[in-house]
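Asks: Turn this into a model:
(one chain, ligands or ions: 1)
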Amino acid sequence: MGPLPRTLDFFYDVLSPYSWLAFEVLCRYKNIWNVSLQLRPTLIAGIMKDSGNQPPAMLPRKATYLKNDIRLLGQHLQVPIHFPKDFFSVILEKGSLTAMRFLTALKMEQPEMLEKVSRELWMRVWSRDEDITQPQSILAAAEKAGMSTGQVRSLLERISTPQVKDQLRETTEAACKYGAFGLPVTVAHLDDQAHMLFGSDRMELLAHLLGEKWMGPVPPAVNARL
Ligand SMILES: N[C@@H](CCC(=O)N[C@@H](CS)C(=O)NCC(=O)O)C(=O)O
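Replies: Model (predicted):
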């Protein structure tokens with residue numbers, strides 16, 4: 001028997017484009033590295049509030065930079081990411097509370113669907129510039145991921161329950177306790193300590209901490225499948 005897999009807690013919000021990039025790379029590596037990837041739906045607005053931070057695109061010059069950064073990274077990482085037309089309405093007005101509560105309920109009830117449904121929500125908001133706030137939008141994403149209408153409806157009924165709200169709050173607080181000031185956050189639990197890494201651009205460092213091999217954002221085993 002080999003060594004036990006190290007746990008990676010991955011805190012993310014589907015409103016965060018860099019979370020999507022990190023998510024795809026980690027999903028590619030989860031079967032290559034000896035890790036147990038724990039997807040943890042988090043509310044980015046809660047992290048911003050708790051840390052006193054603001055979305056980086058609030059600074060106009062940075063917003064111009066980020067648009068290009070995300071386009072180039074999408075190409076490099078082979079993720080079909082595109083900026084929504086009305087970025088500020090998507091990020092600041094519409095937000096992601098309903099979507100993240102849905103993913104929280106999904107993790108509690110059908111965790112095996114979390115990866116696929118998260119991806120379909122990102123595909124809506126960060127690839128096709130579609131809504132993710134309305135119940136029918138969430139239904140469409142979850143059905144695309146392979147869930148039945150009945151399963152989705154019963155989860156949608158649960159998203160306003162104290163259990164689901166508390167769980168999303170607890171996860172967001174857990175990220176804050178690790179020192180989060182934005183997303184994505186990956187916490188690598190090693191034998192001696194836990195390391196918190198911010199961003200999608202710390203994968204090489206993550207590999208170093210784990211003692212695993214970094215083979216770029218599209219490792220060969222995945223490349224053969226694409
Ligand atoms: N350099 C990071 C940037 C990640 C990033 O900007 N994340 C946004 C949300 S999409 C955030 O929370 N930013 C907070 C900050 O930059 O202080 C990466 O390449 O992933």
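
Asks: Would you mind naming what in this protein lies close to the ligand?
Replies: With CB under 6 Å from any ligand atom as the criterion, the chain meets the ligand at residues 16-18, 53, 56, 181-183, 199-201. For every residue, glycine as well, the C-beta is placed using N, CA and C.

Asks: switch the cut-off to 5 Å
Replies: By the rule CB under 5 Å from any ligand atom, the part of the chain lying against the ligand is 16, 18, 56, 182-183, 199-201.

Asks: Quick check: residue 3 is in a strand.
Replies: No. Going by DSSP: H, G, I helix; E, B strand; the rest coil, the assignment for residue 3 is coil, not a strand.

Asks: any idea of the pLDDT on it?
Replies: The model reports residue 3 with a pLDDT of 85.

Asks: can you give me phi and psi for it?
Replies: phi -70, psi 150 (degrees, to the nearest 10).

Asks: I'd say it and residue 34 touch.
Replies: Yes. Here residue 3 reaches residue 34: they are 6.6 Å apart, a contact under CB atoms under 8 Å.

Asks: can you list residues touching both of the two?
Replies: Counting by CB atoms under 8 Å, 6 or more residues apart in numbering, residue 3 and residue 34 have no common neighbour.

Asks: Please say which of those two ends up with more neighbours.
Replies: residue 34 (14 against 8; other CB atoms under 10 Å).

Asks: list the contacts for the more buried one?
Replies: 2-3, 5-6, 210, 212.

Asks: Of those, which is the nearest to the ligand?
Replies: residue 210 (18.4 Å; CB to the nearest ligand atom).

Asks: Run a quick neighbour tally on that closest one.
Replies: Residue 210, neighbours per other CB under 10 Å, totals 19.

Asks: Torsion angles phi and psi at the closest residue in space to residue 82 that isn't next to it in sequence?
Replies: Excluding its sequence neighbours, the residue lying closest to residue 82 (CB to CB, 6 or more residues apart in numbering) is residue 127, at 5.8 Å. Dihedral pair for residue 127: phi -120, psi -50, per degrees, to the nearest 10.

Asks: before we move on, what about residue 96?
Replies: phi -140, psi 20.

Asks: and the nearest residue to it once chain neighbours are set aside, how far is that from residue 121?
Replies: Taking CB to CB, 6+ apart, and ignoring the residues beside it in sequence, residue 96 has residue 15 as its nearest neighbour in space, at 4.0 Å. Remark: distance between residue 15 and residue 121 (CB to CB, to the nearest Å) = 9 Å.

Asks: Identify the contacts common to these two.
Replies: residue 99.

Asks: follow-up on the earlier one: I'd assumed the residue nearest to residue 96 was in a strand, is it?
Replies: No. Going by three-state DSSP, the assignment for residue 15 is coil, not a strand.

Asks: Report the contact partners of the closest residue to residue 16 other than its chain neighbours.
Replies: Spatial nearest neighbour of residue 16, excluding adjacent residues (CB to CB, 6+ apart): residue 183 at 4.6 Å. Contacts for residue 183 (CB under 8 Å, 6+ apart) come out as 11-13, 16, 18-19, 42, 44, 47, 175.
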